[in-house]
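In: structure for the following, please:
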Amino acid sequence: MAKRTYRQFRDVEEEYFRNHPEEIDPYLDEIFDAYAEDHDSASLLASLRVIAKVKGISNIAEETGLTRQGIQHALSSKGNPRFDNVNSIMNALGYRLVPEKLDNGQHI
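Out: Numbering: from 1, shown residues only. Here you go, the predicted model:
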């Protein structure tokens, strides 16, 4: 009997977004909404890493001035990137970080 090999979920997710790039915008909205609720930065960064891979880590590295390894580390689940690095990566992906007013009256 042949041994089965299984793909990791991130590989499946990456393939999906390569085949369905129109789904990236709603996905980014969703992962940032989830982060706003659960503050799970590891999950957010790992999801951004998938999108960065789809868009091309080398292209992002060239545009941001960061190394490929720097981008991969910053967007890993164990990464702790600087805010300016995340902003640069988001810009290279074609997005910007903007504030959104909370509608539930929560504020500091």
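In: going by C-alpha atoms from here, please, whenever you check contacts or count neighbours.
Out: Fine.
In: dihedrals phi and psi, L97?
Out: As for L97, its main-chain torsions (degrees, to the nearest 10) stand at phi -90, psi 120.
In: now K101
Out: phi -70, psi 130.
In: how close does it get to A36?
Out: Distance, K101 to A36, by C-alpha to C-alpha, to the nearest Å: 12 Å.
In: have a look at those two and say which one is more surrounded.
Out: Just comparing K101 and A36: by other C-alpha atoms under 10 Å the higher neighbour count belongs to A36, 12 against 9.
In: thinking V54 is in contact with E14, fair?
Out: Yes. V54 lies in contact with E14 (C-alpha atoms under 8 Å); the separation is 6.2 Å.
In: buried ones in stretch 22-32?
Out: The neighbour-count check on stretch 22-32 (16 or more other C-alpha atoms under 10 Å) flags 28, 31-32 as buried.
In: ok, how many other residues are close to S47?
Out: When neighbours are counted by other C-alpha under 10 Å, S47 comes out with 21.
In: hmm, I typed the wrong one, I wanted M1.
Out: Using other C-alpha under 10 Å, the number of residues around M1 comes to 3.
In: quick one: N85 from F17, how far?
Out: Counting by C-alpha to C-alpha, the gap from N85 to F17 is 23 Å.
In: no further questions, thank you.
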